[in-house]
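K.L.:
sequence? don't have it. structure:
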Ligand code: IPE
Ligand code: IPE
Ligand code: MG
Ligand code: MG
Ligand code: MG
């Protein structure tokens, strides 16, 4: 399929909600502060900064802060897990782009880390961002010891699922592949490689807010739906948008023979599934009432984004 600039269903210039810029500015400041690791050699420090501070949308940390608010918490108390989840995400992108995985040379409108530096530095910077993320959580600046342990468990589980999903996406698994039809296989891969970290981003915000079981359940159902939706939209962007708009190569999934929603279901059905998941996500938030409005506004953007 040839990428196009837009289709009637995917207008260009779909913007995030107005308050999103405020939340992202808070996140950017916190990431900048969280990156200082004096024991690293200068090359590694600058490689980590390159990977973590590029023009990312910061959607996962924003979800952490807004989920915290949706559960009645003060979003400033969720900044440490927000930074931790963004560091895991940045690590996942650096490794995803490596020649052994997706072999991409453009990310966030700039050369990927292994192109800008070299492959060894990219591998090691990914490793570093992973340990930095858990180090931040364990230091637990704004959390009680019990909360810190819960956050570490949450992020470790999601990181393991992300890596498992990347294995299925990249290397495959003969046993799993034989057992599942393509629609089920692509759902499992997407829920793991992308959905798990997004759901954990949401749950960590709820955990910091001290959410009770019913609120945590609502946020979990929200995170599961929005996490899967996120990767379906990413697949659609790969088919429908231009590299000059997205800042990363498009039209690459079909060329790399990836299992994607548009590839398995077709573009129309993939978009319908993203829409269904958006509705499911928003419905899941209903027990949270008005506190969840900013999260609902962000969900609409996540469903319609074109980059
Ligand atoms: C891209 O994620 C990788 C996926 C899991 C689909 P984003 O679209 O959130 O990437 P950035 O952080 O904004 O660059
Ligand atoms: C990335 O999925 C999932 C990760 C765990 C990083 P993609 O391979 O589709 O992400 P892009 O399109 O390269 O950003
Ligand atoms: Mg990939
Ligand atoms: Mg990729
Ligand atoms: Mg993609």
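P.N.:
Structure's in. What do you need? No experiment lies behind these values; they were computed from the predicted model shown. Numbers count the residues shown, from 1 in each chain. Ligands and ions are numbered 1, 2, ... in the order given.

K.L.:
any weak-confidence spans in the stretch 201-307 of the chain?
P.N.:
Within the stretch 201-307 of the chain, no stretch falls below the threshold (pLDDT under 70).

K.L.:
which residue does it have closest to ligand 1?
P.N.:
Closest to ligand 1 within the stretch 201-307 of the chain is residue 234: 3.7 Å, counting by Cβ to the nearest ligand atom. C-beta coordinates here come from the backbone N, C-alpha and C atoms, glycine included.

K.L.:
tell me the contacts of residue 164?
P.N.:
By Cβ atoms under 8 Å, 6 or more residues apart in numbering, residue 164 lies in contact with residue 192.

K.L.:
which helix or which strand is home to it?
P.N.:
Assigned by DSSP states H and E, residue 164 belongs to helix 145-170.

K.L.:
then residue 22?
P.N.:
helix 20-34.

K.L.:
which element follows that helix toward the C-terminus?
P.N.:
Helix 20-34 is succeeded, C-terminally, by helix 42-52 (DSSP H and E).

K.L.:
from ligand 5, how far out is the residue of the stretch 151-300 of the chain found nearest ligand 3?
P.N.:
At 5.6 Å from ligand 3, residue 169 is the closest residue in the stretch 151-300 of the chain, using Cβ to the ion. Per Cβ to the ion, to the nearest Å, residue 169 is found 10 Å from ligand 5.

K.L.:
tally of neighbours for that residue?
P.N.:
22 (other Cβ atoms under 10 Å).

K.L.:
the residue of the stretch 201-307 of the chain closest to ligand 1: how many residues sit nearby?
P.N.:
Using other Cβ under 10 Å, residue 234 has 18 other residues around it.

K.L.:
begin at 67, not 1, for the rest of this chat.
P.N.:
Okay, residue one is now 67; in that scheme the one you just asked about reads as residue 300.

K.L.:
which SSE is it in?
P.N.:
Counting by DSSP H and E, the element that carries residue 300 is helix 279-306.

K.L.:
and the next helix or strand past that helix?
P.N.:
helix 309-312.

K.L.:
quick revisit: is the helix holding residue 88 positioned near ligand 1?
P.N.:
No: judged by Cβ under 6 Å from any ligand atom, helix 86-100 stays clear of ligand 1, getting no closer than 10.7 Å.

K.L.:
other SSEs contacting that helix?
P.N.:
helix 125-136, helix 145-162 (3 or more Cβ pairs under 8 Å, 6 or more residues apart in numbering; DSSP states H and E).

K.L.:
run through the residues that contact whichever residue of the chain sits closest to ligand 4.
P.N.:
Residue nearest to ligand 4 within the chain (Cβ to the ion): residue 168, separated by 3.6 Å. By Cβ under 8 Å, 6+ apart, the contact list for residue 168 reads 162, 236, 318, 322.

K.L.:
skipping adjacent residues, who's closest to the last one in space?
P.N.:
Yep, that's residue 322 we're talking about. For residue 322, ignoring the flanking residues on the chain, the nearest one in space by Cβ to Cβ, 6 or more residues apart in numbering is residue 168 at 6.8 Å.

K.L.:
distance of that neighbour from ligand 2?
P.N.:
5 Å (Cβ to the nearest ligand atom, to the nearest Å).

K.L.:
thinking again about what came up before, buried residues in the helix holding residue 230, which are they?
P.N.:
213-214, 216-218, 220-221, 224-225, 227-228, 230-232, 234-236 (16 or more other Cβ atoms under 10 Å).

K.L.:
does that helix reach ligand 4?
P.N.:
No: counting by Cβ under 5 Å from the ion, ligand 4 has no neighbours in helix 211-236; the shortest distance is 8.6 Å.

K.L.:
so what's whichever residue of the chain sits closest to ligand 5 closest to, chain neighbours aside?
P.N.:
Closest to ligand 5 within the chain is residue 300: 4.4 Å, counting by Cβ to the ion. Spatially, and ignoring its direct neighbours in sequence, residue 300 is nearest to residue 260 (7.1 Å; Cβ to Cβ, 6+ apart).

K.L.:
and stretch 352-359, how far from the chain's centre?
P.N.:
How far stretch 352-359 lies from its chain's middle: 23 Å, per Cα atoms, centre = their mean, to the nearest Å.
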